[in-house]
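Undergrad: My questions concern the predicted model and sequence given below.
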Amino acid sequence: MSTGVIGRPDEQLEVILPEMKKMKTENSEMQEADLRVTIAGVELANPVMTASGTFGSGMEYSEFVDLNRLGAVVTKGVADVPWEGNATPRVAEVYGGMLNAIGLQNPGIDTFLKRDLPFLKKFDTKVIVNVCGHTEEEYLRVVEKLRDQPVDMLEINISCPNVKEGGIAFGLVPRGVENITKKIKAAAAQPVIMKLSPNVTDIAEIARAAEAGGADALSLINTLTGMKIDVQRRTFVLANKTGGMSGPAIHPVAVRMVWQCAQAVSIPLIGMGGIRSTEDALEFMLAGASAVAVGTANFIQPDITAEIVDGMRSYVQEQGLANIREIIGTVH
Amino acid sequence: MKYRKKQQAAVISQKELVSGIYDLQLSVPDIAAQARAGQFVSLYCADKSRLLPRPVSLAGIGREEGTIRLIYRVSGAGTEEFSRLQPGDTLELLGPLGNGFPVETITGSREETGTRVFLIGGGIGIPPLLETAKALKDSVGVTGCTDGTGRIQITAVLGYRDSSTFLSREFNTVCDHVLIASEDGSIGTKGTVLDALREAGEISERPGRKNTVWFACGPTPMLRALKTCAEENGISCWLSLEERMACGVGACLACVCRTADTDEHSQVKNRRICKDGPVFRAEEIEL
Ligand SMILES: Cc1cc2nc3c(=O)[nH]c(=O)nc-3n(C[C@H](O)[C@H](O)[C@H](O)COP(=O)(O)OP(=O)(O)OC[C@H]3O[C@@H](n4cnc5c(N)ncnc54)[C@H](O)[C@@H]3O)c2cc1C
Ligand SMILES: Cc1cc2nc3c(=O)[nH]c(=O)nc-3n(C[C@H](O)[C@H](O)[C@H](O)COP(=O)(O)O)c2cc1C
Ligand code: FES
């Protein structure tokens, strides 16, 4: 376990006497509730992040939500060169969710560093750069370029279902996950979060492989591969035929996977998949996540992340908690 | 800093114009105050199993009244839900979104009289052109440059399936001319808007119509044909495009169109319809 990690609550929680706990509670009702969490030594003001690909690099949504209020902004996947992405239609709605096959369109690391990162640095929030590539070398080139940049953490997408070998080649087998994790850890200056695919037989096995490779934390879940067919036109709705499913409908699957990984590894977890309310986010934390990321719900309500931060604050107060960290992984 | 927010609109009225096409008036002052012709709003379904907002163009903007007007065709579950809205009901929406038609660029940059603006709409692409016609007219005061009184002349070219036309009478009150085409020939020119333009002598072998501007909205095959035609005839042409959307604000990259050159924002040959569009210069995009 790397230094300063708060992940497995049983290891980090201070032992608090009941009287002290009561004092703290009365205190916290007067003050702001303590929502701070630490992942791989990086302290976030609160556990709420944006999920990669649903929030660009924050610029567009900064008109709708105060980025200073977020624990972290996780950027759209960035590659070593600009990527065109897939043909349209790139999205389809499904019951309680959506499919996307954007194909990791991105402007490339150079434009990201010149334009997007300086924009994000104007805010008082942590910046996590999501990295994508087709090959090991492509990932490493991005990671290298980020070495001396003011970036708090890297999230490595080894699980995009929409790009041929868009990382999925590394992300689906334990050996591949361990290898790529090792190489990225060796090259990276910042803590490394590996983002896992749910499209595997045993997510816990993959999580253990990433941990063995030296990952500082894990993000899960990425989208579940799906398909939608237009019965009138008798063809696929998405140009890419298949797409990644996200949104409320995948939430129980994601909670289950986070819980399974929490039992399997001791590095911190970032839970995501279908969050659209405070309660949805808290489920992930109770299942073992130290932080959460909100994706598709941004499309439904642009300021949902800030609302969830407020919701967590109320929860801490209502439940009489000293801080939000107390609940992490308490359902097991 | 004031952040933009999802709005609650109150339904003022709704009526079915022709079978399956609805005319919805909403009270939503924040949006009405900022909106421009050619922009759109994202409508949210009450049934939360339908997550994604439905983009619908502004067919009318009542700045003083704080109202907007939407005209849409029922084409699926979401629009079917909207068609059941009654006065007094509320509807969640986000907007205004997108760029809109460059009304001021047209009316502002051409001091001399004689600009002929054609508003070319096919089917459910017609409604946003009505507000565009009004905006053009408001922007110059008087229209009808042929008789020397106004600075621009506005012609609507409206393509319908059959004789169940909608809005054509309203176009008559704001435009100098209205040309109509119907696929089955039951009204106006038989065929498409292109046939109507051809019949009016607007598509010819005389290139270099510097004083002619086309604003168009409608199905992709129509836009594609107009783009080719405008290029051949040296006409300045703007097209309003459509694509499946998720965020509607430029963040998710769902709604891109192909561009002729590398785009400054994306660094590849595509642009976001929701944020950089929906209105683009014809030569800038590929269809
Ligand atoms: C910028 C823009 C402006 C538009 N303006 C109008 C307008 O003024 N009047 C009008 O009748 N229609 C307009 N449309 C089309 C309108 O958005 C669709 O008809 C509507 O989303 C269909 O929703 P549904 O639930 O009824 O259909 P469903 O087929 O059930 O919808 C399923 C999903 O597909 C999306 N979708 C389906 N058809 C389209 C489409 N043609 N374009 C984009 N997304 C689609 C829906 O938004 C939804 O996410 C516009 C589209 C765009 C992109
Ligand atoms: C439109 C869209 C684009 C996405 N792009 C990325 C991406 O570039 N990199 C990545 O790691 N995950 C990407 N994801 C996955 C999300 O980050 C998240 O893992 C997933 O959507 C589940 O969360 P949600 O249900 O809250 O959306 C994308 C998801 C969506 C909907
Ligand atoms: S719909 Fe998300 S970028 Fe246009």
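TA: Arrived safely. Ligands and ions are numbered 1, 2, ... in the order given.
Undergrad: quick one: A:Val198 and A:Gly226 touch, right?
TA: Actually, residue A:198 is Pro rather than Val. No: A:Pro198 is not in contact with A:Gly226 according to CB atoms under 8 Å; the separation is 11.4 Å. Where you see a C-beta, it was placed from the backbone N, CA and C, and this is true even at glycine.
Undergrad: Quick check: A:Met285 vs chain B, distance?
TA: 23 Å (CB to the nearest CB, to the nearest Å).
Undergrad: Not counting its neighbours along the chain, what's nearest A:Pro174?
TA: Nearest residue to A:Pro174, sequence neighbours excluded (CB to CB, 6 or more residues apart in numbering or on different chains): A:Ala209, at 3.7 Å.
Undergrad: how about that neighbour, secondary structure?
TA: Here A:Ala209 is recorded as helix under DSSP: H, G, I helix; E, B strand; the rest coil.
Undergrad: which secondary structure element contains the residue of the stretch 51-200 of chain B found nearest ligand 2?
TA: Taking CB to the nearest ligand atom, ligand 2 has its nearest neighbour within the stretch 51-200 of chain B at B:Leu51, 9.9 Å off. Using DSSP states H and E, B:Leu51 sits in no helix or strand.
Undergrad: State the number of residues packed around residue 283.
TA: Just going to use chain A. For A:Glu283, the neighbour count with other CB atoms under 10 Å in any protein chain shown is 22.
Undergrad: please go with chain B instead
TA: B:Glu283 has 13 nearby residues by other CB under 10 Å.
Undergrad: Spit out the contact partners of it.
TA: B:227, B:231, B:237, B:260 (CB atoms under 8 Å, 6 or more residues apart in numbering or on different chains).
Undergrad: didn't the last one look like it was pressed against B:Glu284?
TA: Yes: shown here, B:Ala260 and B:Glu284 form a contact pair, counting by CB under 8 Å, at 6.1 Å.
Undergrad: Comparing these two, which residue is more hemmed in?
TA: A count of neighbours by other CB under 10 Å puts B:Glu284 above the other of B:Ala260 and B:Glu284, at 16 against 11.
Undergrad: Can you check the pLDDT for that one?
TA: If you check B:Glu284, the pLDDT there is 95.
Undergrad: again, but for A:Phe284
TA: So A:Phe284 comes in at 98 (pLDDT).
Undergrad: give me the element the nearest residue to it once chain neighbours are set aside is part of.
TA: Take A:Phe284 and drop its neighbours on the chain: the residue closest to it by CB to CB, 6+ apart is A:Gly271, 2.9 Å away. Using DSSP H and E, A:Gly271 maps to strand A:269-272.
Undergrad: Tell me how far the helix or strand just after that strand lies from the chain's centre.
TA: Downstream of strand A:269-272, the next assigned helix or strand under DSSP H and E is helix A:278-287. Put simply, helix A:278-287 sits 14 Å off its chain's centre (CA atoms, centre = their mean, to the nearest Å).
Undergrad: where does the stretch 151-287 of chain B come near ligand 1, residue by residue?
TA: Within reach of ligand 1 by CB under 6 Å from any ligand atom, the stretch 151-287 of chain B has these residues: B:242-245, B:278.
Undergrad: Among those, which lie within helices?
TA: The helices, defined by DSSP state H, take in nothing from these.
Undergrad: mind listing what residue 219 touches?
TA: You didn't pick a chain, so chain A it is. A:155, A:193-196, A:269-270, A:272, A:293.
Undergrad: oops, I was thinking of chain B
TA: B:122-123, B:125.
Undergrad: So for it, what pLDDT did the model give?
TA: 97.
Undergrad: Same question for B:Leu226.
TA: The model reports B:Leu226 with a pLDDT of 96.
Undergrad: Just to check, it is in contact with B:Ser236?
TA: No: between B:Leu226 and B:Ser236 there is no contact under CB under 8 Å: 12.0 Å.
Undergrad: These two: which is more packed in?
TA: With neighbours defined as other CB under 10 Å, B:Leu226 and B:Ser236 compare such that B:Leu226 has more, 27 against 20.
Undergrad: The more buried one is in what secondary structure piece?
TA: Here B:Leu226 sits within helix B:220-233, counting by DSSP H and E.
Undergrad: which residues are contacting the helix or strand following that helix?
TA: Using DSSP H and E, the helix or strand that follows helix B:220-233 in sequence is strand B:236-240. Applying CB under 8 Å, 6+ apart, the contact partners of strand B:236-240 are B:38, B:57, B:101-102, B:125, B:128, B:212-217, B:223, B:226-227, B:230-231, B:277-283, B:285, B:287.
Undergrad: Give me the sheet partners of the strand holding A:Gly271 and which way each runs.
TA: strand A:217-220 (parallel), strand A:289-294 (parallel) (DSSP bridges).
Undergrad: Make JSON lines out of those strands and add mean pLDDT.
TA: Shown next, in JSON lines, are the strands paired with strand A:269-272 (pLDDT from 0 to 100):
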{"stretch": "strand A:217-220", "mean pLDDT": "98"}
{"stretch": "strand A:289-294", "mean pLDDT": "98"}
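Undergrad: quick check: domain ranges of chain B?
TA: For chain B, the structural domains run B:7-97, B:103-240, going by automatic domain parsing.
Undergrad: which stretch in the ones you listed is the model least sure about?
TA: If the domains of chain B are sorted by mean pLDDT, domain B:103-240 sits at the bottom with a mean of 88.
Undergrad: For the closest residue to A:Arg208 other than its chain neighbours, give me its contacts.
TA: Ranked by CB to CB, 6+ apart and with sequence neighbours excluded, the top spatial neighbour of A:Arg208 is A:Ala264, at 5.5 Å. By CB under 8 Å, 6+ apart, the contact list for A:Ala264 reads A:204-205, A:207-208.
Undergrad: Kindly recompute the last result at 6 Å.
TA: A:204, A:207-208 (CB atoms under 6 Å, 6 or more residues apart in numbering or on different chains).
Undergrad: now, which of those residues sits nearest A:Leu282?
TA: Ranked by distance to A:Leu282 (CB to CB), the contacts of A:Ala264 are led by A:Ala207 at 21.4 Å.
Undergrad: now that closest one: how far from ligand 1?
TA: With distances taken as CB to the nearest ligand atom, to the nearest Å, A:Ala207 is found 34 Å from ligand 1.
Undergrad: Look at the closest residue to A:Met59 other than its chain neighbours and say how many residues are nearby.
TA: If the residues on either side of it in the chain are set aside, A:Met59 comes closest to A:Phe119, at 5.6 Å by CB to CB, 6+ apart. Residues near A:Phe119, counting by other CB under 10 Å, number 13.
Undergrad: quick one: secondary structure of A:Phe119?
TA: Following three-state DSSP, A:Phe119 is assigned to helix.
Undergrad: Over to B:Ile124?
TA: helix.
Undergrad: what bridges to the residue nearest to it when sequence neighbours are not counted?
TA: For B:Ile124, ignoring the flanking residues on the chain, the nearest one in space by CB to CB, 6+ apart is B:Arg73 at 4.5 Å. Beta bridges link B:Arg73 to B:Ile21, judged by DSSP bridges.
Undergrad: what's the farthest-apart pair in the residues of the stretch 151-287 of chain B next to ligand 1?
TA: Using CB to CB, the pair of those lying farthest apart is B:Arg244 and B:Pro278, separated by 12.7 Å.
Undergrad: who's more crowded, these two?
TA: B:Pro278 (28 against 18).
Undergrad: Tell me how many other residues surround residue 54.
TA: All of this is about chain A. 23.
Undergrad: um, chain B though
TA: The burial count for B:Arg54: 23, using other CB under 10 Å.
Undergrad: I figured it hits B:Gly76, correct?
TA: No: if you go by CB atoms under 6 Å, B:Arg54 and B:Gly76 don't touch, sitting 8.6 Å apart.
Undergrad: okay, now the closest residue to ligand 3 within the stretch 1-150 of chain B: neighbour count?
TA: Ranking the residues of the stretch 1-150 of chain B by distance to ligand 3 (CB to the nearest ligand atom) places B:Pro55 first, at 8.3 Å. B:Pro55 has 23 neighbouring residues, counting by other CB under 10 Å.
Undergrad: when you scan the helix or strand hosting it, is anything in it near ligand 1?
TA: Using DSSP H and E, B:Pro55 maps to strand B:54-57. Yes: remark: strand B:54-57 sits within contact range of ligand 1 at B:54-57, by CB under 6 Å from any ligand atom.
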